[in-house]
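Undergrad: Provided below are the primary sequence and the corresponding predicted coordinates.
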Amino acid sequence: MSERDLDNLLGLIAETMTQALDAERATIFLIDADRRELWSTIALGSDEIRVPIGVGIAGTVAETGATINIPDAYADERFNEEIDRRSGFHTRSLLTFPMRSRAEGAPILGVFQAINKRGGPFTTDDEEMGAALASSAAVAVENAQLLAEQRRLWQSLLETLAVTIDARDQQTAGHTQRVARYAQIIGREFGLSRTELERLRAAGLLHDYGKIAVPDGVLMKPGKLSDREFDYMREHAEKTAEFLSYISFPRDMRDVPLMAAQHHERMDGRGYPKGVPGSDILVGARIVAAADIFDALTAPRYYKPPYTLKKTLEIMTEMTGDQLDPVVMKALRKALPELTRTLKELKGTWPETTVTTALAERDEHRAARVTFRLRFWGTRGSIATPGASTLRYGGNTACVELRGPEGELVVFDAGTGLRELGQHLLLNGDGPLRVHLLISHLHWDHIQGLPFFRPAFDPRNKLTIYGPAQKKQPLRRLLGIGMDDPFFPVDLDAMPAGVKIKELGKSSFKLGSLRVKSARLFHPSPCIGYRVEARGRAIAYVTDTEDAHRDGQPNPVLALARGADILIHDAQYVDADRKPGWGHTTMESAVEVAVRAGVRELVLYHHDPERSDDALDEIERRAVKVVGERRGTLRVRVAREGMELEV
């Protein structure tokens, strides 16, 4: 017999022996040595049975190793008539014999019991045939038991590894176990086989194992991660693959390391660690990704309460297509009844959501020192350029989020990156939003995300748009054209957030604790740059400017950027490929402006759509070299999506 799964094997043996002995019913008992019991889940026509060794007919055979052939059960005092009374079955004859191999001194593994020989009692020929079949079956059962023990050892190893992950951070305690359970539920609805479900469970348990390499200060930080800290956290996916590569996985489990490592990949190819497209992501990894997000939303975290199923599904629906596999999400929705029951069952594994006093105090002190937090949601110029060559620096067009010291939310420009910012705000928001959107000018790459900014469609939120006064028409009219029929189904004035629009030139105004200054820039269309000040700190945002190349003319950027902590500056070109009159600056000129203005840090921005990630790497190296040649102390970096800076 080649069947190696114990349950399937026992069922096959019972069926074979029932037919060979021409019996009505058969039961196979296995010995549980620890409990000194016989047990069976293979009782054709009956439920599970447990019998103490030495008690009853089967127990006596297990203890003595002797075959017992009873032609008339009710005439034998060893027969327990209570079993028939409970089951309603009538036992006439019994043939019970031990299951062990022919090897000398071989232990008894179990007992086989055939019930009710058709046409009369069991014969000596039946005894011989049963003994022969039992010895053959014993070898197969022993092998299957060894494999089952290895499988149990393997499963306990996986669960131990999972426990070590959860033990490092109590804020995500139980997460791996829940992800494994949810993944299996989705996988069953998806139609995966039993072996595929075992792989899925293993990947769910191990998907975060790489976090064991993340420093405690990052992993257990109660506040928002900095850009560098976020890079550390992102590395856990690649570390998962690396660490799991040292484990010798069974043949049918060899996809588990890759499946676990791919759970942060996205269908649009913009995930990590490899940025592979959806077609290259294992199906199991797509399911684990959905289960991971499902648990992250439905369970409490220190920064959020548990979300309702309705809100969870709304958020995951928004992520479907770009991030999550639509087919997996269809299976998740079909599995909702079971997911809901399991969610309630697993609430006891949810973490405590309070952080320690020491961590909270540390974060409060740190927050008190930080004036501005910046996050880049779009860094590209002219047109969005998603694709394999722009994964690291991003393909979305201009959009930068700024948080002030009193929680003020300022957004520079409304390029395609504004859509993802909007989704992030809905996912992490804890109340009505007041958004101040500072637009530099009206070229498509700076306003195209506005119709897709979801917070603007919530009447509880307030959106104020600031932008350059135009020459012939009001700013509101020009912004609205792109949303008028037939270009878009919702008019600007119909946005439920109640949009306010303010036209600017050279201006200075307050936004909470912030002082905002603006100045006109030289560009083919009306364009302004911004300076935001608070607590003696300053951020300057200057994109789409050709002022640095206007010989003999004053450069308004110098005043906006004077002494700024961070200058975000247009650097679409380098000197070798500059296009005069197109309204953009070169990297070399941006460095020159930053040095002259006494800026502490320069962020090169508004990348040309033709620049690949490798090309931007080279531009950053050249920019650092240019600063070095000037013997300056300016720090320079190239903007990339997801980058976070603090001042």
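TA: Arrived safely, thanks for sending. Source: prediction; values computed, not measured.

Undergrad: excluding covalently adjacent residues, which one is nearest to Asp84?
TA: In this structure, Asp84 finds its nearest non-sequential neighbour in Thr91, 5.5 Å apart by Cβ to Cβ, 6 or more residues apart in numbering. Any C-beta I mention is one placed from the backbone N, CA and C, and that applies to glycine too.

Undergrad: quick check: that neighbour touching Asn116?
TA: Yes: with contact defined as Cβ atoms under 8 Å, Thr91 reaches Asn116; the gap is 6.6 Å.

Undergrad: quickly list what's touching both of these two.
TA: In terms of Cβ atoms under 8 Å, 6 or more residues apart in numbering, Thr91 and Asn116 are not both contacted by any residue.

Undergrad: with adjacent residues omitted, what lies nearest to Arg520?
TA: Closest to Arg520 by Cβ to Cβ, 6+ apart is Ile528, at 5.6 Å.

Undergrad: hmm, Leu504 and the one you found touching each other?
TA: Yes: using Cβ under 8 Å, Ile528 is in contact with Leu504, at 5.9 Å.

Undergrad: common neighbours of the two, please.
TA: Taking Cβ under 8 Å, 6+ apart as the contact rule, Ile528 and Leu504 both touch Gly467, Pro468, Ser518.

Undergrad: mind putting the residues you listed into TSV with neighbour count?
TA: As requested, those are exported to TSV (neighbours: other Cβ atoms under 10 Å):
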residue	neighbour count
Gly467	27
Pro468	23
Ser518	23
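
Undergrad: of these, which is the nearest to Leu146?
TA: Taking Cβ to Cβ as the measure, Leu146 sits nearest to Gly467 out of these, at 73.6 Å.

Undergrad: which secondary structure element contains that closest one?
TA: strand 462-468 (DSSP states H and E).

Undergrad: need the next SSE after that strand, C-terminal direction.
TA: Heading C-terminal from strand 462-468 (DSSP H and E), you reach helix 475-481.

Undergrad: coming back round to it: the more surrounded of Ile528 and Leu504?
TA: Using other Cβ atoms under 10 Å as the criterion, Ile528 and Leu504 rank with Ile528 on top: 28 against 22.

Undergrad: now do the end-to-end distance for stretch 478-497.
TA: Taking Cα to Cα, to the nearest Å, the first and last residues of stretch 478-497 lie 19 Å apart.

Undergrad: show me where the stretch 501-647 of the chain has helices.
TA: For the stretch 501-647 of the chain, the helices defined by DSSP state H, counting those that start in this stretch cover 556-561, 587-597, 613-629.

Undergrad: for Glu189, which of the ones you listed is the nearest?
TA: Nearest of these (Cβ to Cβ): helix 613-629, 37.9 Å.

Undergrad: in the stretch 451-600 of the chain, where is pLDDT below threshold?
TA: Along the stretch 451-600 of the chain, no part satisfies pLDDT under 70.

Undergrad: just to revisit the earlier point, pull the residues that contact the strand holding Gly467.
TA: Under Cβ under 8 Å, 6+ apart, the answer for strand 462-468 is 432-442, 453, 455-456, 475, 479, 495, 497-505, 516, 518, 520, 526-528.

Undergrad: so which of those residues sit within strands?
TA: Those of these mapping onto strands are 434-438, 500-504, 516, 518, 520, 528, per DSSP state E.

Undergrad: could I get the shared contacts of Ile528 and Leu504 as TSV with distance to Glu159?
TA: Output for the shared contacts of Ile528 and Leu504, formatted as TSV (distance: Cβ to Cβ, whole Å):
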residue	distance to Glu159
Gly467	57
Pro468	60
Ser518	58
